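# need a structure here:
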Amino acid sequence: MPLPQDARKKPTGIKIHVTTGAGVDIVWSDDHSSHYDFLYLRDLCPCALCNDERAKKAAAPHASPTALTSTLPMFKPKPKARAAHPVGNYAIQIEFTDGHNTGIYSYDYLRTICPCEACAREFRAAEA
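As a prediction, this is how the structure comes out:
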């Protein structure tokens, strides 16, 4: 997979803080800095399974109480990063403590989901 077409989505510095659990910090080619908590990244995992789950929840936002799983979400431990690995020169893959490790976070995707308001206006508004 090639590097992003938009030069602003090319990282110049990446720090992944697995040991401390602090998350991922990226400095982009336009000098913008982004910080991603691991929980935020887990919630926005781009893999097909997670995308399917989000689509199901969006389609049925008011599921009946009997549709709840045996473990209530509020009592599940929050997933943390166990490891992280580069994927070529275009992405990172994070292994979470909940066993999930299939999400590949391309730099293009990471810049698009940057939690700051400026990136939300610049990148997510353009996709809507």
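
# From T19, how far out is R124?
Distance check for R124 against T19: by Cβ to Cβ, to the nearest Å, it reads 31 Å. (Glycine included, C-beta is placed from N, CA and C.)

# quick one: which of those two has more around it?
R124 (12 against 7; other Cβ atoms under 10 Å).

# Need phi/psi at the more buried one.
Dihedral angles of R124 (phi, psi; degrees, to the nearest 10) stand at phi -80, psi -30.

# Quick one, grab the pLDDT at the nearest residue to it once chain neighbours are set aside.
In this structure, R124 finds its nearest non-sequential neighbour in T112, 6.3 Å apart by Cβ to Cβ, 6 or more residues apart in numbering. We have a pLDDT of 96 for T112.

# Ok, P65 next?
We have a pLDDT of 50 for P65.

# So for stretch 106-115, what gets flagged as buried?
Going by neighbour count (16 or more other Cβ atoms under 10 Å), the buried part of stretch 106-115 is S106, Y107, D108, Y109, L110, R111, T112, I113, C114.

# what number of residues lie near the nearest residue to the first one once chain neighbours are set aside?
Looking back up the chat, that one is S106. In space, S106 comes closest to A91 once its chain neighbours are excluded; the distance is 4.3 Å by Cβ to Cβ, 6+ apart. Close neighbours of A91, defined as other Cβ under 10 Å, add up to 18.

# is A91 in a bridge, and if so with what?
Beta-bridge pairing of A91 under DSSP bridges involves V87, S106.
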